[in-house]
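# Need coordinates for the below:
(chains A, B, C and D)
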Protein chains: 2
Amino acid sequence: MPTTNARSAQRLAKLQEALASGGTLHLRDAAELCDVSEMTIRRDLTTQPTAMTLLGGRLVMANYPGVTPIYDLTEQQASHYQAKYRLCQRVLAFIEEGDTLFIDCGSTLIPLLSQLSHFRELTVVTYALNVANAVSALPNVRLVLLGGLFYAASQSFGSDNMTAAIERLGINKALISAAGVDLERGVSCFHFHEVTPKQAAIATAMQRLLVVDASKFGVVRPAYFAALEDFDVVVTDEEGAPQLLKENGCVAPEIVVPEITVA
Amino acid sequence: MPTTNARSAQRLAKLQEALASGGTLHLRDAAELCDVSEMTIRRDLTTQPTAMTLLGGRLVMANYPGVTPIYDLTEQQASHYQAKYRLCQRVLAFIEEGDTLFIDCGSTLIPLLSQLSHFRELTVVTYALNVANAVSALPNVRLVLLGGLFYAASQSFGSDNMTAAIERLGINKALISAAGVDLERGVSCFHFHEVTPKQAAIATAMQRLLVVDASKFGVVRPAYFAALEDFDVVVTDEEGAPQLLKENGCVAPEIVVPEITVA
DNA sequence: GCGTTAATGTTAAAATTATAACATTTAGTG
DNA sequence: CACTAAATGTTATAATTTTAACATTAACGC
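Okay, here's the model as predicted:
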């Protein structure tokens, strides 16, 4: 097994160039383009670290949204996806024609976005790149992206005038996700730069929805951003959640539970 | 051969939901998800009109940039790609370690972006979603996205405080693209919302580079944004460009032509 | 309920892609 | 210049995906 190879890296760079503007390249053509055998390209891909993948004999950029997170729905993951999907279906029940939605970063709310195409007119405000990408494809949804410095870990942006930018917008409903929800320690996330936009959205929005799956209950993450009482609604997927929360003296949010039927 | 099938369409809709947020779905999992055999899914795809494709046993959204336009490198397309690639190679010669680059929207500068991974540290400022996506994958490049309202036609954002946001940044080099370059009528683009960020970048940057292929010469587009003299360098791919411009009395910009060797 | 037809399932064969093993070429070194 | 080892090519084999043909089930009209 060789350590590094300059020529190999050069080939991959060339191929990546070809794919940078989008599209796929058949292994056969890739080999021809680089004037080597298909096997060499295959080896390049396995030996060197690269952003490309071979998908059914075709070379694709692995980090492209339509390709990357290869949704390997094994049994567990399939059910996990179903859970995420159902959660978003419940959120959908709160969305109305003409709404201006603040949509938080993370993966929780992603399945919701394609559902937004069923509305005639909506506006989505977000500070997350993955959310923006999904929404940018919807012709009926106006997209406002709050920019700034990009944080790869959360695929989102941070800026010092995020609060001001959010306050200027007439946000109807804030859909907030979280990495931890605890009755005493409140609602928290992983990254500190998310705190500002989340808090600004909570402060501005007419209605505040916390969207979390049950696995987040009882968990505390480094960045605290709100108390459970700051939300009007908690949308979750666990049967026991309402009791769990209410028995512990938390009465503020209306909690939406699995009774809601999924189409 | 059946005419239409409600259930078939319903399955495809369900699968499309699953893929809407990006990713791929193995045929096996798609079949399981719909509770039918793989063959049925295959038939759905061939029978019904759909935006999905089967790529190496995996279901993908065919209209996603990384997947759809299957890059059939016929001779012409290959050479067209080569041209774009060469143009960006020339631009690359102007970029230095540690630069803060303003990168304009459009497709012209896209091939440049993956090349930026060769630097140790760079900062890219942009108001284009496609640029941001390409840059977000580069670990060595800091990304600043100027947000606002999304314009699908140019895959970019517009906002009324774009100028202020750009002025606050210490932009080293502005890489500007254009849809039209005319000696008398100046440099123009298609969309009016692009004018503000372009002009702000030109005003702020230390060095201003206009990057255009020769097909843009002599063309005037609706939105004027600068005179040719506002640029320090014009990077182009046409041999005749320097004479063409200089003979017409335009002496300001240094023009970079194909003499520069491509690796 | 019977007969017809669409819809789906099952299986086998063909085509394609992936892996592995070994052969050959190329580059570098003393 | 020979020696070594990496890099690439070639070929055979395995695994996977695609296609095709036929069997079975479900739906619908009479």
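
# going forward, measure contacts between C-alpha atoms and count neighbours the same way
Fine.

# Could I get the contacting residues of the closest residue to DNA strand C within chain A?
With C-alpha to the nearest atom of the strand as the measure, A:Gly57 is the residue of chain A nearest to DNA strand C, at 3.8 Å. The contact partners of A:Gly57, by C-alpha atoms under 8 Å, 6 or more residues apart in numbering or on different chains, come to A:His26, A:Leu27, B:Gly56.

# List phi and psi for it.
phi 80, psi 0 (degrees, to the nearest 10).

# likewise A:Leu183?
Here A:Leu183 shows phi and psi, under degrees, to the nearest 10, equal to phi -60, psi -40.

# Can you verify my assumption that it contacts A:Val219?
No. Checked against C-alpha atoms under 8 Å, the pair A:Leu183 and A:Val219 is beyond contact range at 9.5 Å.

# the more surrounded of those two?
Per other C-alpha atoms under 10 Å in any protein chain shown, whichever of A:Leu183 and A:Val219 has more neighbours is A:Leu183, with 19 against 16.

# can you map out the helices along the stretch 51-200 of chain A?
Applying DSSP state H, counting those that start in this stretch to the stretch 51-200 of chain A gives helices spanning A:75-92, A:110-113, A:129-136, A:162-168, A:195-204.

# Can I get these in CSV including mean pLDDT, mean neighbour count and distance to A:Arg120?
Below are these laid out as CSV (pLDDT from 0 to 100; neighbours: other C-alpha atoms under 10 Å in any protein chain shown; distance: least, C-alpha to C-alpha, whole Å):
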stretch, mean pLDDT, mean neighbour count, distance to A:Arg120
helix A:75-92, 67, 17, 14
helix A:110-113, 82, 24, 14
helix A:129-136, 88, 23, 14
helix A:162-168, 95, 16, 24
helix A:195-204, 97, 21, 24
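
# Could I get these in JSON lines, plus columns for distance to DNA strand C?
Below are these laid out as JSON lines (distance: least, C-alpha to the nearest atom of the strand, whole Å):
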{"stretch": "helix A:75-92", "distance to DNA strand C": "18"}
{"stretch": "helix A:110-113", "distance to DNA strand C": "25"}
{"stretch": "helix A:129-136", "distance to DNA strand C": "27"}
{"stretch": "helix A:162-168", "distance to DNA strand C": "44"}
{"stretch": "helix A:195-204", "distance to DNA strand C": "42"}
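
# before we move on, back to that, any idea how far the residue of chain A closest to DNA strand C is from A:Ala31?
Counting by C-alpha to C-alpha, to the nearest Å, the gap from A:Gly57 to A:Ala31 is 12 Å.

# give the contact list for the nearest residue to A:Ser159 once chain neighbours are set aside.
Once flanking residues are discounted, A:Ser159 sits nearest to A:Gly148: 4.8 Å by C-alpha to C-alpha, 6 or more residues apart in numbering or on different chains. Neighbour list for A:Gly148: A:Phe157, A:Gly158, A:Ser159, B:Val144, B:Leu145, B:Leu146, B:Gly147 [criterion: C-alpha under 8 Å, 6+ apart].

# which other residues reach stretch A:167-174?
Here stretch A:167-174 has contacts from A:99-104, A:200-202, A:204-209, using C-alpha under 8 Å, 6+ apart.

# Scan those residues and report the most crowded one.
Busiest of those [other C-alpha under 10 Å] is A:Ala201, holding 30 neighbours.

# Settle this for me: it is touching A:Leu101, isn't it.
No. Counting by C-alpha under 8 Å, A:Ala201 stays clear of A:Leu101, with 9.7 Å between them.

# buried stuff in the helix or strand hosting A:Leu33?
Here A:Leu33, judged by DSSP states H and E, is contained in helix A:27-34. For helix A:27-34, the neighbour count (16 or more other C-alpha atoms under 10 Å in any protein chain shown) marks A:Leu27, A:Arg28, A:Asp29, A:Ala30, A:Ala31, A:Leu33, A:Cys34 as buried.

# residue boundaries of the strands in the stretch 101-250 of chain A?
For the stretch 101-250 of chain A, the strands defined by DSSP state E, counting those that start in this stretch occupy A:122-126, A:141-145, A:148-151, A:156-158, A:173-177, A:180-182, A:186-189, A:207-211, A:223-226, A:233-235.

# Where does the prediction get shaky in the stretch 51-200 of chain A?
Counting by pLDDT under 70, the stretch 51-200 of chain A has low-confidence residues at A:63-83.

# distance of A:Asp99 from B:Ala137?
Taken as C-alpha to C-alpha, the span from A:Asp99 to B:Ala137 is 32 Å.

# ok, now A:Arg58?
Taken as C-alpha to C-alpha, the span from A:Arg58 to B:Ala137 is 21 Å.

# Quick one: end-to-end distance for stretch A:223-230.
With C-alpha to C-alpha as the measure, stretch A:223-230 spans 16 Å from end to end.

# And stretch A:199-219, by the same measure?
Note: stretch A:199-219 ends 19 Å apart using C-alpha to C-alpha.

# Put together CSV for the buried residues of helix A:27-34, with distance to DNA strand C and pLDDT on each row.
Output for the buried residues of helix A:27-34, formatted as CSV (distance: C-alpha to the nearest atom of the strand, whole Å; pLDDT from 0 to 100):
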residue, distance to DNA strand C, pLDDT
A:Leu27, 7, 87
A:Arg28, 8, 86
A:Asp29, 11, 85
A:Ala30, 12, 85
A:Ala31, 12, 88
A:Leu33, 16, 82
A:Cys34, 15, 84
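
# Return the closest of those with respect to B:Gln16.
A:Leu27 (27.1 Å; C-alpha to C-alpha).

# From what I see, that closest one and A:Val36 are in contact.
No. If you go by C-alpha under 8 Å, A:Leu27 and A:Val36 don't touch, sitting 10.8 Å apart.

# residues near A:Leu146, how many?
What A:Leu146 shows, counting by other C-alpha under 10 Å, is a neighbour count of 27.

# And it, how far from A:Ser117?
21 Å.

# what's the answer for A:Arg58, then?
A:Arg58 is 31 Å from A:Ser117, by C-alpha to C-alpha.

# For those two, indicate the residue with more neighbours.
Neighbour tally, A:Arg58 and A:Ser117, criterion other C-alpha under 10 Å: the higher count belongs to A:Arg58, 20 against 16.

# The nearest residue to that one once chain neighbours are set aside: what's it in contact with?
Once flanking residues are discounted, A:Arg58 sits nearest to A:His26: 4.3 Å by C-alpha to C-alpha, 6+ apart. For A:His26, the contacting residues are A:Gly57, A:Arg58, A:Leu59, by C-alpha under 8 Å, 6+ apart.

# again with A:Ala200
A:Ala200 touches A:Met162, A:Thr163, A:Ile166, A:Glu167, counting by C-alpha under 8 Å, 6+ apart.

# State the distance from the residue in the stretch 101-250 of chain A that DNA strand D sits nearest to to A:Asn5.
Nearest residue of the stretch 101-250 of chain A to DNA strand D (C-alpha to the nearest atom of the strand) works out as A:Pro111 at 24.5 Å. Distance of A:Pro111 to A:Asn5, computed by C-alpha to C-alpha: 41 Å.

# what do you get for A:Leu113?
In terms of C-alpha to C-alpha, A:Leu113 sits 43 Å off from A:Asn5.

# which parts of chain A sit against DNA strand C?
Neighbours of DNA strand C within chain A, by C-alpha under 7 Å from any atom of the strand: A:Met39, A:Arg42, A:Leu54, A:Leu55, A:Gly56, A:Gly57, A:Arg58.

# between those, which is closest to B:Thr236?
Using C-alpha to C-alpha, A:Arg58 is the member of these that lies nearest B:Thr236, at 32.3 Å.

# mind listing what that closest one touches?
Contacts of A:Arg58 by C-alpha under 8 Å, 6+ apart are A:Thr24, A:Leu25, A:His26, A:Leu27.

# I'd like to know the beta-bridge partner residues of the second one.
According to DSSP bridges, the partner residues bridging A:Leu25 are A:Leu59.
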